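J.: Okay, here's the prediction I keep looking at, along with the sequence it came from:
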Amino acid sequence: MNMPRRLVQPTNQTSIEDAPFSTTGLSSLFRHQPLERFAAGTIVFWEGDKATKVFEVVCGMVRAIRLLSDGRRIIVGFLRPGDLVGVSFKDQYVYTVEAVTKVELRRFSRHLFELEIARQPAMRELLFSKLCDEMTAAQDQAVLLSRRSADEKLASFLLRMATRRIGQHMVVDLPMTRQDIADYLGMTIETVSRTTTKFAGSGILAMTDRHIITILSMDELRSIAEGEECNHWIAPCLAKMRQQTSDARQLIG
């Protein structure tokens, strides 16, 4: 996998995007830490590097990647503003982190971060809660990959990524590539494209542009994610079975 080398540009300038940055909770530990910029496609750290730093995403998006022995990659998560990167109980990072877009991260020495967490019980509780949330998300992802259909996987992913509203509809910002989404969901890029087109054709969503999707029917998308039927969407195999049953009844009649 040909990844650009890490390009770090320390800066004291304001954020390059109007992304939310909370100064409460765990974020308060980072607000006076050095700010670093990474261009899209550059590496923040590699799997196996010594885990000496903890980062908080200020703006932009990064992806966490595991590389398999045969060269294939698995994307284990997309991290957005407010997320912590590199928190580990091991001496080495367990995944590679790469910038999806241009990003800004605040960097904290892991040793000093752990000292601050140990010194402040409230911060310990917040960190424990965040780690529990990440474990739950990892379990949900395992279920998503192992048991769900392509329709259910993509619907669940879009619901998880929908974070802003325009008018009456939720909007999904997808700065990553279709290949990224495919690697995250355990699908092929062709299946991702085909399923997205099916959802758009059924009126569940609209593809505003290449990286923005508007969800037109949250209820129907949730129904698909939960494996249920909805008014305008029936799984193709079920629709075929119903048509065959209907045809048989007409012949009998």
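T.: Okay, I see it. Residues are numbered from 1 along each chain as shown.
J.: Would you work out how far apart the start and end of stretch 172-181 are?
T.: End-to-end distance for stretch 172-181: 13 Å, by CA to CA, to the nearest Å.
J.: Next one: Lys198 from Ser223, what distance?
T.: Separation of Lys198 from Ser223 (CB to CB, to the nearest Å): 14 Å. Just so you know, the C-beta spots here come from the backbone N, C-alpha and C atoms, and that holds for glycine as well.
J.: Just the element for the residue nearest the centre of the chain, please.
T.: Taking CA atoms, centre = their mean, the centroid of the chain lies closest to Phe78, which sits 3.4 Å from it. Using DSSP states H and E, Phe78 falls within strand 73-79.
J.: got any ranges where the protein has weak pLDDT?
T.: 1-24, 128-147, 167, 229-253 (pLDDT under 70).
J.: Surely Cys62 touches Ala99?
T.: Cys isn't right for residue 62; it's Val. Yes. Val62 is within contact range of Ala99, at 5.4 Å (criterion: CB atoms under 8 Å).
J.: Overlap in contacts, these two.
T.: Phe38, Val44 (CB atoms under 8 Å, 6 or more residues apart in numbering).
J.: Would you map the strands across the chain?
T.: For the chain, strands defined by DSSP state E occupy the ranges 9-11, 35-38, 43-45, 53-59, 62-67, 73-79, 84-85, 96-99, 103-109, 162-166, 169-173, 205-209, 212-215.
J.: Please parse this structure into its domains.
T.: Annotated domains of the chain cover 9-146, 148-252 [automatic domain parsing].
J.: Count the residues that sit near the residue nearest to Ile213 when sequence neighbours are not counted.
T.: Distance criterion CB to CB, 6 or more residues apart in numbering; nearest residue to Ile213, sequence neighbours excluded, is Val172 at 4.4 Å. The tally of other residues near Val172 (other CB atoms under 10 Å) stands at 19.
J.: Report all helices and strands that the strand holding Phe78 contacts.
T.: When contacts are defined as 3 or more CB pairs under 8 Å, 6 or more residues apart in numbering; DSSP states H and E, strand 73-79 sits against strand 62-67, helix 121-147, helix 178-185.
J.: 7 Å - rerun?
T.: Other helices and strands packing on strand 73-79, by 3 or more CB pairs under 7 Å, 6 or more residues apart in numbering; DSSP states H and E, are strand 62-67, helix 178-185.
J.: could you dump these to JSON lines with distance to Val87 and mean neighbour count?
T.: JSON lines is the format used below for the helices and strands packed on strand 73-79 (distance: least, CB to CB, whole Å; neighbours: other CB atoms under 10 Å):
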{"stretch": "strand 62-67", "distance to Val87": "12", "mean neighbour count": "20"}
{"stretch": "helix 178-185", "distance to Val87": "20", "mean neighbour count": "20"}
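J.: Need those in JSON lines (columns: distance to Arg210).
T.: Listed next are the helices and strands packed on strand 73-79 as JSON lines, based on distance: least, CB to CB, whole Å:
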{"stretch": "strand 62-67", "distance to Arg210": "18"}
{"stretch": "helix 178-185", "distance to Arg210": "9"}
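J.: So what sits opposite the residue nearest to Ile213 in the bridge?
T.: When assigned by DSSP bridges, Val172 has beta-bridge partners Ala162, Ile213.
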